[in-house]
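>>> fold the following.
(2 chains)
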Amino acid sequence: RKEVEQDPGPFNVPEGATVAFNCTYSNSASQSFFWYRQDCRKEPKLLMSVYSSGNEDGRFTAQLNRASQYISLLIRDSKLSDSATYLCVVTRTSYDKVIFGPGTSLSVIP
Amino acid sequence: DAGITQSPRHKVTETGTPVTLRCHQTENHRYMYWYRQDPGHGLRLIHYSYGVKDTDKGEVSDGYSVSRSKTEDFLLTLESATSSQTSVYFCAISRGSGEAFFGQGTRLTVV
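Numbering: from 1, shown residues only, chains lettered A, B, ... in the order given. All right, here's what the predicted structure looks like:
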């Protein structure tokens, strides 16, 4: 089983829709979690960290469920500019390698 | 933007030739990573470094070697390039904790 798994999609949603992605991880000792965004043929960039209490940044909400070992990303009121691939990242400690999920592709259509 | 540059940005090489990709940072971050990205596979870790001369293998390290003789430079070498190593290669830097900053990528084609 891979350390980090995501539904590859693609998710095709209309503008204004709400869409949610999940990312599961296999190592219960994992401590840090992040969501990255990658536009086509560009480098990934940090979107947001995922805290135990959950966190929100505008239209984006990230949550962590340690018991079930998954993190989620919710995007409300989708915009065309949200079209990208969303990658989750899990690390076990501050000194451990950074493991990326395979990414979930999102297309927001007019 | 984080001070990280990759060179070259594009390269075409022949099967069997050695190739070295360079990642240079100006941020003095401890951790540096090399990933490859292929359609259907996402980002896969090749090698990483947690300090000068301290490196370790990732999930797809076969056919690759790395060196880090200075904090700012992390080199990825394909000893004898194969067509299966045609890919986009990303370097990343991190202070730790999983927050990473990426270079713009190197597109390598092995013919």
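
>>> list the contacts of residue B:40.
By Cβ atoms under 8 Å, 6 or more residues apart in numbering or on different chains, the contact list for residue B:40 reads residue A:8. Backbone N, C-alpha and C define where each C-beta goes, glycine included.

>>> how about the secondary structure of the spatially most central residue of chain B?
When Cα atoms, centre = their mean is applied to chain B, the residue found nearest the centroid is residue B:34 (3.0 Å). Here residue B:34 is recorded as strand under DSSP: H, G, I helix; E, B strand; the rest coil.

>>> distance of it from residue B:53?
As judged by Cβ to Cβ, to the nearest Å, residue B:34 and residue B:53 stand 16 Å apart.

>>> show me what the worst-scoring helix or strand of chain A on mean pLDDT is packed up against.
Ranked by mean pLDDT, DSSP states H and E, the weakest helix or strand in chain A is strand A:99-100, scoring a mean of 84. Applying 3 or more Cβ pairs under 8 Å, 6 or more residues apart in numbering or on different chains; DSSP states H and E, we find strand A:99-100 packed against strand A:84-91, strand B:42-51.

>>> and with 10 Å instead?
Counting contacts by 3 or more Cβ pairs under 10 Å, 6 or more residues apart in numbering or on different chains; DSSP states H and E, strand A:99-100 is packed against strand A:4-6, strand A:32-38, strand A:84-91, strand B:31-38, strand B:42-51.

>>> for those, give me CSV that also has distance to residue A:70 and mean pLDDT.
Shown next, in CSV, are the helices and strands packed on strand A:99-100 (distance: least, Cβ to Cβ, whole Å; pLDDT from 0 to 100):
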stretch, distance to residue A:70, mean pLDDT
strand A:4-6, 9, 90
strand A:32-38, 10, 93
strand A:84-91, 9, 92
strand B:31-38, 23, 94
strand B:42-51, 17, 91
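
>>> looking at those, which is closest to residue B:92?
Of all the helices and strands packed on strand A:99-100, it is strand B:31-38 that lies closest to residue B:92, at 4.4 Å by Cβ to Cβ.

>>> if we can go back for a sec, hmm, residue B:49 and the residue nearest to the centre of chain B touching each other?
Yes - proximity of residue B:34 to residue B:49 meets the contact threshold set by Cβ atoms under 10 Å, at 8.8 Å.

>>> residues from chain A in reach of chain B?
Selection of chain A residues close to chain B by Cβ under 10 Å from any Cβ of the partner chain yields A:2-4, A:6, A:8, A:30-34, A:36, A:38, A:41-46, A:49-50, A:85, A:87, A:89-104.

>>> cutoff 6 Å now
Within chain A, the positions lying close to chain B (Cβ under 6 Å from any Cβ of the partner chain) are A:32, A:34, A:43-44, A:46, A:89, A:91, A:94, A:97-98, A:100, A:102-103.

>>> ok, residue A:48 to chain B distance?
Here residue A:48 is placed at a distance of 10 Å from chain B (Cβ to the nearest Cβ, to the nearest Å).

>>> can you report phi and psi for that residue?
Torsion angles at residue A:48 (phi, psi; degrees, to the nearest 10) stand at phi -170, psi 150.

>>> neighbours of residue A:51, just the number please.
For residue A:51, the neighbour count with other Cβ atoms under 10 Å in any protein chain shown is 12.

>>> what helix or strand is the spatially closest residue to it that is not a sequence neighbour on?
Residue nearest to residue A:51 in three dimensions, not counting chain neighbours: residue A:64, with 7.0 Å by Cβ to Cβ, 6 or more residues apart in numbering or on different chains. Counting by DSSP states H and E, the element that carries residue A:64 is strand A:60-65.

>>> great, nothing more from me.
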